[in-house]
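**Student:** Here's a sequence, model it:
(chains A and B)
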2 protein chains.
Amino acid sequence: MAEVEQVTSQAGRTLTVGVLGAGTVGTQVIRLLAEQADDFTVRSGARLEVTGVAVRDTRARRDPAVPRDLLTDDATAVATSNDIVIELIGGIEPARTLILAALKSGASVITGNKALIAAHGPQLYAAAAAAGTDFYYEAAVAGAVPVVYALRESMAGDRVTSVLGIVNGTTNYILDEMTTKGLSFADALATAQELGYAEADPTADVDGLDAAAKCAIIASLAFHTRVGLDDVTVEGIRDITAEDIREAHASGCEVKLLAVAQRLGPGAGSGSQGVSTTGDTGGTSGISVRVHPALVPTDHPLASVHGAFNAVLVEAESAGRLMFYGQGAGGAPTASAVLSDVVAAAAHRVYGGQAPRESSYAALPVLGPEAAVTRYQVQLLVDDAPGSLAVMASVFADNGVSINSVRQSAYVGQERAVVTIVTHPAAVRYLDAAVDGLRRCDRVVEVVSVRRVEGD
Amino acid sequence: MAEVEQVTSQAGRTLTVGVLGAGTVGTQVIRLLAEQADDFTVRSGARLEVTGVAVRDTRARRDPAVPRDLLTDDATAVATSNDIVIELIGGIEPARTLILAALKSGASVITGNKALIAAHGPQLYAAAAAAGTDFYYEAAVAGAVPVVYALRESMAGDRVTSVLGIVNGTTNYILDEMTTKGLSFADALATAQELGYAEADPTADVDGLDAAAKCAIIASLAFHTRVGLDDVTVEGIRDITAEDIREAHASGCEVKLLAVAQRLGPGAGSGSQGVSTTGDTGGTSGISVRVHPALVPTDHPLASVHGAFNAVLVEAESAGRLMFYGQGAGGAPTASAVLSDVVAAAAHRVYGGQAPRESSYAALPVLGPEAAVTRYQVQLLVDDAPGSLAVMASVFADNGVSINSVRQSAYVGQERAVVTIVTHPAAVRYLDAAVDGLRRCDRVVEVVSVRRVEGD
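**Tutor:** Purely as a prediction, here's the structure:
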């Protein structure tokens, strides 16, 4: 009843929508706004009318869903003359200037531009607050999977301790191909490029930069702290070999490119944001934010995330472990995320209310890579003499690292063996000190490999 | 910056909180509001002060987190004299009367009372709308997993086609025990009761009523349609045997108690709510809402949800498949969900805005159990004579059901065999007609079992 009355009383209201960019996502957004116009009217409280679509080339061939008469190359006009502006151009400029102009004009802005948010999030938030309007970006992380909302609002009554995510579908697809078909990185990348899963210039994906931008956004929201792209320690997947993946399998693990945002204790962080202990950090408090390949045990929920799917695992003090899973990219899933933001922003304009503002009050220090807490899998070529294991174990112990498992994987010649050691979680500076100790140890012929293990 | 200014300008503001019920969840909520008071102040924009805790017996022993001087047996006073009222009593009365009184007094109400919402949701929504205040219930479905939000807001720009969930931890635990230890239902239930996972009177859990209430809430939100408890077709797990589970394993499946909410096409539903086709429904449009045990293929994401965990799988036209996973019950996870609602409601009181109102505009018809679209696994004892398979296949075909797989599982005597047939999705009325046809078929000695298979 109430719903019907609301709709009736707002029947005349129209909100204008400007779209910047008409690529895959933009086309889908425009199509759905037209096809499901009545649904959007009821759900948002106002008729949503697309009045302009800014593109670089107004004469290029386009999907018929994009009305030709709405096309314009005057992006500034579209950005500054609508109630709701959807930015889908990507990249830093002109997206940043256009969004700032849109916010200044009083428009609610929706974007999925992770690179821009990771670089200039605080400026965009401030512009939205100054104009008293909304700034939404659900599509920036994990497509239609509502991770931004979950961290921004669902966790508002809880304390997040860590977030572990597979947030880049391209690299996940490549690692899957290497795993299932035994391909080299180069061959798997070529396949991904042929199928359109990877771009001609794959740098942003395979070097971890796309995941790093998402990781910065995740960490900012999870820990109420400003985290920019430069705060993220990044390592991509170019150096992963088919042999690495075979070795991982032998250890009961999958190789995944992970985005990790971790709160490290003990003791309180800034303000009242309490900090729970995650491994022995040697007294350091703050957050660790990083993207790197890691071994993930096959029975861990993230190990079974395949292909272009994304998954984000949130651990919080009260909620425990939560996982969110779904398609992380593609026109339709991304459009779904954009349109949920459009409905929220439209409803605020009709019924009042506002999107959450920037929450950076905790201002926790972002720690360097040496403070990260992780587990190492270390493969050693050792003298297979009595007492070797005790010597190696004491090297770990002397550096404050406990050992979780030891496995002798192969004999090499008569007096040498390959030993695989997995540690318990410890700070990277302790783990690295232990590895240095092993390199100096006369029982160790060679440190064959050192890999991170994530996901307990 | 903006955040700091907001906090400063609201520094003096206090919102009062009344808590109805001080059980596990209530105690945890009160503890966290006190322990993390500064965090809640920054996040919600106001100091949250618990002014009263209504309990039946003010002199009972309680956790020291609940201040003795706040206890009262005057629940009406607590309900009607606070800005925010948290109802954690459960059951229909007096919870319903208290919530209505609280809403009428202008309080924002937060509850996790699934039975009440499934029975009286529209009345509570209407009371909140009439009073211009908020009504939130994230904790009613799947504990800390933000399923209510996801359906109520994340999917606002999309069209949900189906929701499949494991939403009752007790039954999931019991089925797990039966699976891993080969226990009978009675023994597994007894174990669950000993460990406190099942109540002394396990009816609400094992007969599927708790899951049915959650399923009604899920369907209401997913399909913008009023769905009450009476609309849900319910079957519990009492009749599941250890043999059923062994047989399921032999077919590559797990047995799970599922909540299913499904939109059925073809053709448009009410208004502009388009309907996509899910299997051949014979022209029926509407929604199917049901709770029952089903075989789930082991490689389906829901098959690996174990113990007391919950998971909800949402399929939507644009978003594709999304999964939400986490702890579905327990004091801390439920408190996390309640507190996220508290922060949202408090922020609305400080900054303006409102919780989503009831959305029932689509008003899709709720179809009877015969219209549900599912797959059947049928086990038959048959004459192992030439042509038997062709005869059985034609019985399915004559009833419009296609066969997905046929497996001969055992020979029984010299001329008889057990055959296991799995169909493609079809409406239950066609499937049942096919099973009736098989019963009349002279090649079929006996229809040994008929089970539902869900999750493609």
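
**Student:** how about the lengthiest helix in chain A as CSV, C-alpha atoms only?
**Tutor:** Ranked by residue count, the top helix of chain A under DSSP state H comes out as helix A:331-351. What follows is helix A:331-351, C-alpha atoms only, in CSV (Å, rounded to 0.1, in the frame of the first residue of the first chain):
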residue,chain,number,x,y,z
GLY,A,331,29.2,-6.0,-19.5
ALA,A,332,26.1,-7.4,-17.9
PRO,A,333,27.4,-8.1,-14.4
THR,A,334,29.1,-4.7,-14.3
ALA,A,335,25.9,-3.0,-15.5
SER,A,336,24.0,-4.8,-12.7
ALA,A,337,26.4,-3.2,-10.1
VAL,A,338,26.1,0.2,-11.8
LEU,A,339,22.4,0.1,-11.9
SER,A,340,22.0,-0.9,-8.2
ASP,A,341,24.0,2.3,-7.5
VAL,A,342,21.8,4.3,-9.8
VAL,A,343,18.7,3.1,-8.0
ALA,A,344,20.2,4.0,-4.6
ALA,A,345,21.3,7.4,-5.8
ALA,A,346,17.9,8.1,-7.4
ALA,A,347,16.0,7.0,-4.3
HIS,A,348,18.1,9.4,-2.2
ARG,A,349,17.2,12.3,-4.5
VAL,A,350,13.5,11.3,-4.2
TYR,A,351,13.2,10.3,-0.6
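
**Student:** ok now do whatever residue of the stretch 351-456 of chain A ends up closest to chain B, which residues does it touch?
**Tutor:** At 2.0 Å from chain B, residue A:353 is the closest residue in the stretch 351-456 of chain A, using CB to the nearest CB. All C-beta spots, glycine's among them, are computed from the backbone N, C-alpha and C. Residue A:353 makes contact with A:347, B:348, B:351-354, according to CB atoms under 8 Å, 6 or more residues apart in numbering or on different chains.

**Student:** ok, which pair from those is furthest apart?
**Tutor:** Greatest spatial distance among the contacts of residue A:353 (CB to CB): A:347 and B:351, at 14.6 Å.

**Student:** Neighbour count: the two, which is higher?
**Tutor:** The residue with more neighbours, out of residue A:347 and residue B:351, is residue A:347; 21 against 17, by other CB atoms under 10 Å in any protein chain shown.

**Student:** Verify the stated contact: the more buried one with residue A:44.
**Tutor:** Yes. Contact criterion CB atoms under 8 Å: residue A:347 and residue A:44 qualify, at 5.2 Å.

**Student:** domain assignment for chain A?
**Tutor:** As given by automatic domain parsing, the domain ranges for chain A are A:2-136, A:149-327, A:372-453.

**Student:** I'd like to know how far residue A:302 sits from residue B:395.
**Tutor:** Between residue A:302 and residue B:395 the distance is 45 Å, computed by CB to CB, to the nearest Å.

**Student:** Likewise for residue A:92?
**Tutor:** Distance, residue A:92 to residue B:395, by CB to CB: 65 Å.

**Student:** follow-up on the earlier one: in the longest helix of chain A, what counts as buried?
**Tutor:** A:331-349, A:351 (16 or more other CB atoms under 10 Å in any protein chain shown).

**Student:** Return only those of those residues found close to chain B.
**Tutor:** With CB under 8 Å from any CB of the partner chain as the criterion, the members of the buried residues of helix A:331-351 in contact with chain B are A:332-333, A:335-344, A:347-348, A:351.

**Student:** Closest to residue B:249 out of those?
**Tutor:** Residue B:249 has its nearest neighbour among those in residue A:333, at 33.8 Å by CB to CB.

**Student:** Next up, the contacts around the residue nearest the centre of chain A.
**Tutor:** Most central in chain A under CA atoms, centre = their mean is residue A:214, positioned 3.5 Å from the mean C-alpha point. Neighbouring residues of residue A:214 by CB under 8 Å, 6+ apart: A:114, A:118, A:140-142, A:165, A:167-168, A:259.

**Student:** separation between residue A:211 and residue B:98?
**Tutor:** 48 Å.

**Student:** Run through the stretch 301-450 of chain A and note the low-pLDDT ranges.
**Tutor:** A:410 (pLDDT under 70).

**Student:** all helices of it, in order?
**Tutor:** For the stretch 301-450 of chain A, the helices defined by DSSP state H, counting those that start in this stretch cover A:331-351, A:388-398, A:428-440.

**Student:** and the stretch 301-450 of chain A, which of its residues are near chain B?
**Tutor:** Proximity of the stretch 301-450 of chain A to chain B is confined to A:301, A:304, A:316-327, A:330, A:332-333, A:335-344, A:347-348, A:351-354, A:356-361 under the rule CB under 8 Å from any CB.

**Student:** sorry, back to before: show me which of residue A:92 and residue B:395 is the more surrounded one.
**Tutor:** Between residue A:92 and residue B:395, counted using other CB under 10 Å, the more crowded position is residue B:395 (20 against 12).

**Student:** correct me, but that one touches residue B:441?
**Tutor:** Yes. Between residue B:395 and residue B:441 there is a contact under CB under 8 Å: 5.7 Å.

**Student:** Counting neighbours, what do you get for residue A:241?
**Tutor:** Using other CB under 10 Å, residue A:241 has 12 other residues around it.

**Student:** Now do the contacts for it.
**Tutor:** Counting by CB under 8 Å, 6+ apart, residue A:241 has contacts A:184-185.

**Student:** let's see 7 Å
**Tutor:** residue A:185 (CB atoms under 7 Å, 6 or more residues apart in numbering or on different chains).

**Student:** so what's residue A:335 up against?
**Tutor:** A:25, A:28-29, A:32, B:318.

**Student:** The closest residue to it other than its chain neighbours and residue A:337, how far apart?
**Tutor:** Among residues not flanking residue A:335 along the chain, residue A:28 sits closest, at 3.8 Å (CB to CB, 6 or more residues apart in numbering or on different chains). Between residue A:28 and residue A:337 the computed distance is 11 Å (CB to CB).

**Student:** Residue A:59 too?
**Tutor:** In this view, residue A:59 and residue A:337 are 30 Å apart by CB to CB.

**Student:** Just to be sure, residue A:294 is in a strand?
**Tutor:** Yes. Assessed with DSSP: H, G, I helix; E, B strand; the rest coil, residue A:294 lies in a strand.

**Student:** what's across from it in the sheet?
**Tutor:** Taking DSSP bridges as the rule, residue A:294 bridges to residue A:256.

**Student:** Correct me if wrong: it contacts residue A:376.
**Tutor:** No. Between residue A:294 and residue A:376 there is no contact under CB atoms under 7 Å: 10.3 Å.

**Student:** Common neighbours of those two, please.
**Tutor:** Residues touching both residue A:294 and residue A:376 by CB under 7 Å, 6+ apart: A:452-453.

**Student:** Within the helices and strands, which one has residue A:62?
**Tutor:** Assigned by DSSP states H and E, residue A:62 falls within no helix or strand.

**Student:** pLDDT wise, what is it at?
**Tutor:** Listed pLDDT for residue A:62 reads 93.
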